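S.K.: Predicted model and sequence below, questions to follow.
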Amino acid sequence: MPFADLDHCKLHYELEGASGSPVLVLCHSLGADLSLWDAQVALFVRRFRLLRYDLRGHGRSSVSSEPTTMQALASDVIALADAVSTNRFSFCGISIGGMIGLELALRYPGRLNALVIANTAARIGTSESWEMRIRTVQAHGMQSVVEPALERWFTPEFRSSHSNIVEHFGQVLANTAPAGYLKACEAIRDADLRSSISEIQTPALVIAGSEDSATTVEDAQFLVHKMASSIYREMRTAHLSNVEGSEEFSDAVFSFLVKRDGFSEGMDVRRAVLGDAHVDRSLQKLNDFNREFQDLITRYAWGEIWTRPGLPRHTRSLVTLGMMIALNRTEEFRLHARAAFNNGVTREEIKELLLHAAVYCGVPAANSAFHAAEEVFAEMEQTRPDTQTHRS
């Protein structure tokens, strides 16, 4: 049973799926545990490496020795990702998990590929409503909040037709450590992200339940209105949409993430084609000005175009070289001439391409490319003698 030892608590987690797949972190709702995502696992592991965990003070995770704030809960996600050697990941959270996702996008945007936030709001409830719940648990224990929670979590139709599922989550809530539950309630009580969420640029899917009285459709639409890179999906469910509408929820999230989470795959292809040394130099030059551009070319040029099955990489290299000649992009031509050898292109093939370009792009363009190619070959012979085997 894996645990991440943080300074203030132990977080219980489960890591499932192929080790080379993009990572997807799943964060459950208040009073639940990682079993909330059981219905999603079978589909999600087809494409992602799933990192599910119990919030501090929930499930098998210990109660934190520190105050619990939304910022601290977001920091837990980063610490957990670091513990399993994950740099970038997508995040899917529901209810308090959704608020944690918003906090992550505000504080750690460079770590996120994509964001799914379900049945949440920039401000959930009021200080008075959370104080009332806190006092109820302090006076009467966890069992006192189980029935009201189940009424918020599921529609009457679902409660009557899926009593075993409802009973399971009622038991999970009843067994939640009161101290952990109360600390999480305090974090929600004190969190108000309404004035800051317009800063979020991470691509996001916002899911709402039309029968959700805790976080309403209006709450979700406010998020979409404020977050420029977000799209909206409404389901006929109450608060736990991923349980009540499990198949629809899974399909919507999977489709969104597969389209959006091309960064990891794009980075792998970019390294394979251009070489680790070139990519590492580019990453070392990252700054606030060029970060989004580098993300764009990794995600779309390398993650979507270079991974398409219609053309092999060998052919894509030759096509790219031809385009760089036509556009007189000498530096890019040099870059892709070096990269072409990683894709099995030979010098003879590059020579034929240049002769072809002399007819269709013009002799001056081809002449410039010939000089550039010879310089690249000479440089490569100094550092990579094996390239001579490609003379043909």
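M.R.: In hand now; what should we look at?
S.K.: how much space between T346 and F370?
M.R.: Using CB to CB, to the nearest Å, one gets 16 Å for the distance from T346 to F370. For the C-beta atoms, the positions are set from N, CA and C on the backbone; glycine is no exception.
S.K.: Was I right to think F154 contacts L240?
M.R.: Yes. At 6.5 Å, F154 counts as touching L240 under the criterion of CB atoms under 8 Å.
S.K.: ok, these two, which is more surrounded?
M.R.: Shown here are F154 and L240; by other CB atoms under 10 Å, L240 has more neighbours (30 against 23).
S.K.: Next, the contact list for the most centrally placed residue in the chain, please.
M.R.: In the chain, the C-alpha nearest the mean C-alpha coordinate belongs to S90, at 1.4 Å (CA atoms, centre = their mean). Taking CB atoms under 8 Å, 6 or more residues apart in numbering, we find S90 in contact with 22-25, 48, 112-116, 257, 260-261.
S.K.: try it again with 6 Å
M.R.: L24, N113, A114, L257, D261 (CB atoms under 6 Å, 6 or more residues apart in numbering).
S.K.: How about D268?
M.R.: Counting by CB under 6 Å, 6+ apart, D268 makes contact with nothing.
S.K.: so where's the longest helix in the chain?
M.R.: helix 363-383 (DSSP state H).
S.K.: helices or strands next to that one in the packing?
M.R.: On a contact count with 3 or more CB pairs under 6 Å, 6 or more residues apart in numbering; DSSP states H and E, helix 363-383 meets helix 330-340, helix 347-360.
S.K.: any idea how far it is from the chain center?
M.R.: 40 Å (CA atoms, centre = their mean, to the nearest Å).
S.K.: where's A177 relative to G57, distance?
M.R.: For A177, the distance to G57 - CB to CB - is 5 Å.
S.K.: oh, I was asking about R291
M.R.: From R291 to G57 the distance is 35 Å (CB to CB).
S.K.: So between those two, which is more surrounded?
M.R.: Using other CB under 10 Å, the more surrounded residue of R291 and G57 is G57, with 20 against 12.
S.K.: List the contacts of that one.
M.R.: For G57, the contact set (CB under 6 Å, 6+ apart) comprises V63, A177, G180, K183.
S.K.: Now for those residues: which two are most distant?
M.R.: Farthest-apart pair in the contacts of G57 is A177 and K183; separation 9.2 Å (CB to CB).
S.K.: When these two are compared, which one has more neighbours?
M.R.: A count of neighbours by other CB under 10 Å puts K183 above the other of A177 and K183, at 23 against 16.
S.K.: The more buried one: helix or strand, and which one exactly?
M.R.: With elements taken from DSSP states H and E, the one containing K183 is helix 178-190.
S.K.: Touching that helix from outside, list them.
M.R.: 30, 57-58, 63, 68-70, 96, 124, 127, 130, 133-134, 137, 142.
S.K.: 7 Å instead, please
M.R.: 30-31, 55-58, 63-64, 68-70, 73, 96, 99, 124, 127, 130, 133-134, 137, 141-142 (CB atoms under 7 Å, 6 or more residues apart in numbering).
S.K.: ok, now stretch 367-382?
M.R.: Stretch 367-382 is contacted from outside by I325, T330, F333, R334, A337, R338, R347, I350, L354, A357, T387, Q388, using CB under 7 Å, 6+ apart.
S.K.: Is it possible to mark the buried ones in those residues?
M.R.: I325, F333, R334, A337, R338, R347, I350, L354, A357, T387 (16 or more other CB atoms under 10 Å).
S.K.: dump the residue contacts of the fifth one.
M.R.: So the one you mean is R338. Residues in contact with R338, defined by CB under 7 Å, 6+ apart, are V376, M380.
S.K.: hang on, the earlier thing: would you turn the contacts of G57 into JSON lines with distance to F169 and pLDDT?
M.R.: As requested, the contacts of G57 are exported to JSON lines (distance: CB to CB, whole Å; pLDDT from 0 to 100):
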{"residue": "V63", "distance to F169": "20", "pLDDT": "97"}
{"residue": "A177", "distance to F169": "16", "pLDDT": "98"}
{"residue": "G180", "distance to F169": "16", "pLDDT": "98"}
{"residue": "K183", "distance to F169": "20", "pLDDT": "98"}
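S.K.: so which of these would you say is closest to A18?
M.R.: Using CB to CB, G180 comes nearest to A18 of these, at 32.2 Å.
S.K.: farthest pair in the buried ones among the contacts of stretch 367-382?
M.R.: A357 and T387 (21.3 Å).
S.K.: Could you measure from the residue of the chain most remote from its centre over to L355?
M.R.: Largest separation from the mean C-alpha position in the chain: V363, at 47.3 Å (CA atoms, centre = their mean). According to CB to CB, V363 stands 10 Å off from L355.
S.K.: what do you get for A18?
M.R.: Per CB to CB, A18 is found 44 Å from L355.
S.K.: What of F293?
M.R.: Separation of F293 from L355 (CB to CB) stands at 34 Å.
S.K.: Any chance of the contacts of S90 in a markdown table with distance to D212, secondary structure and neighbour count as columns?
M.R.: As requested, these are exported to a markdown table (distance: CB to CB, whole Å; DSSP: H, G, I helix; E, B strand; the rest coil; neighbours: other CB atoms under 10 Å):
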| residue | distance to D212 | secondary structure | neighbour count |
| --- | --- | --- | --- |
| L24 | 23 | strand | 26 |
| N113 | 27 | strand | 22 |
| A114 | 23 | strand | 27 |
| L257 | 22 | helix | 23 |
| D261 | 26 | coil | 25 |
